[in-house]
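K.L.:
Show me the folded form of this:
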Amino acid sequence: MAGRRRGGLWHPVRGWLGRTYLRLAGWRIEGEVPGEPKYVAIAAPHTSYWDFPYMIAFGFATGQYISFLMKDSLFVGPLGILLRGLGGVSVDRSRPGGLVESVVHEFEQREELIVVFAPEGTRSRREYWKSGFYHVARGAGVPVALGFLDYGRKVVGYGPLFWPSGDGDQELLASFYADKRGRYPDQETPVRLRDLSE
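P.N.:
Take a look at the predicted model:
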């Protein structure tokens, strides 16, 4: 998994590429990049393939070196090389049990790390968000950055950090994302985690 920030010439080049891409697409950045060296970031709502390039451009533009999880079937040939270069980590969806423990371990081993989760898990509407991001944050003792892609205003960015506690977290998440719209609003998954709803 990738670290948080790196220096060298590639850093300003990435920044320029990210800012230019977002500007040409008519998007703007809102909020502040967290100062914490390690955190879990949410990418929501997630209803379109277009979410991915906007997320990558946002990372470039703000100097973040993020890691993101994707199904292993995508990591083949040139596409696999590209995804790994962008921070992609392949995940075997047929063996989900150890994913949380594996990512928690990565956080424990590193001084700087950002891992992005799309808790809807798919671009289609589901009943619940996937709760992996929440359990990783609690297990690793790191905060969650409320990242968003709001197609209604064409804004990408971060809201506040929060430290999962199990007390009021469901309400906090639902309130923050209530006015954020995906590219296809009818495909948005309601902001609720099964673990916190039962």
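K.L.:
Same question for the helix or strand encompassing Arg23: list its buried residues.
P.N.:
With secondary structure defined by DSSP states H and E, Arg23 is part of helix 10-24. By neighbour count with 16 or more other CB atoms under 10 Å, helix 10-24 contains the buried residues 14, 18-19, 21-22. Just so you know, the C-beta spots here come from the backbone N, C-alpha and C atoms, and that holds for glycine as well.
K.L.:
and if you look at stretch 29-38?
P.N.:
Taking 16+ other CB under 10 Å as the basis for neighbour counts, the residues of stretch 29-38 that come out buried are 29, 31, 33-34, 38.
K.L.:
same question, stretch 157-164
P.N.:
157-159, 161-162, 164.
K.L.:
picking that back up, can you list the strands that the following helix or strand past the helix holding Arg23 pairs with?
P.N.:
Past helix 10-24, heading to the C-terminal end, the next element that is a helix or strand (DSSP H and E) is strand 28-30. Strands adjacent to strand 28-30 in the sheet, as given by DSSP bridges, are strand 155-162 (parallel).
K.L.:
What is the following helix or strand past the partner strand packed up against?
P.N.:
Per DSSP H and E, the first helix or strand lying C-terminal to strand 155-162 is helix 169-177. Helices and strands touching helix 169-177, by 3 or more CB pairs under 8 Å, 6 or more residues apart in numbering; DSSP states H and E, are strand 144-150, strand 155-162, helix 194-197.
K.L.:
For Lys180, find the nearest of these.
P.N.:
Proximity to Lys180, assessed across these by CB to CB, is greatest for strand 144-150 (4.6 Å).
K.L.:
can you give me the angle the closest one makes with helix 169-177?
P.N.:
Here the directions of strand 144-150 and helix 169-177 differ by 30 degrees (axes from the mean of the first three to the mean of the last three CA atoms, to 10 degrees).
K.L.:
from now on call the first residue 13
P.N.:
Fine by me, first position is 13 from now on; the one you just mentioned is strand 156-162.
K.L.:
And strand 156-162, how far out from the chain middle?
P.N.:
Between the mean C-alpha location of strand 156-162 and the chain-wide mean there is a distance of 7 Å, by CA atoms, centre = their mean, to the nearest Å.
K.L.:
do the same with stretch 113-130
P.N.:
Using CA atoms, centre = their mean, the distance between the centre of stretch 113-130 and that of its chain works out at 12 Å.
K.L.:
what mean pLDDT would you report for that stretch?
P.N.:
Model confidence over stretch 113-130 averages 86 on the pLDDT scale.
K.L.:
CA-only coordinates of it, as CSV, when you get a sec.
P.N.:
Presented in CSV, the C-alpha positions along stretch 113-130 are these (Å, rounded to 0.1, in the frame of the first residue of the first chain):
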residue,chain,number,x,y,z
GLU,A,113,-7.3,-7.5,9.6
SER,A,114,-5.0,-7.1,6.6
VAL,A,115,-5.6,-3.4,6.3
VAL,A,116,-5.4,-2.8,10.0
HIS,A,117,-2.0,-4.5,9.9
GLU,A,118,-0.8,-2.2,7.1
PHE,A,119,-1.8,0.8,9.3
GLU,A,120,0.1,-0.6,12.2
GLN,A,121,3.3,-1.1,10.1
ARG,A,122,3.4,2.3,8.5
GLU,A,123,4.0,5.9,9.7
GLU,A,124,1.8,7.4,6.9
LEU,A,125,-1.1,5.8,5.1
ILE,A,126,-4.3,6.8,3.5
VAL,A,127,-6.8,4.1,2.4
VAL,A,128,-9.9,5.1,0.5
PHE,A,129,-13.0,3.0,0.7
ALA,A,130,-16.2,3.3,-1.4
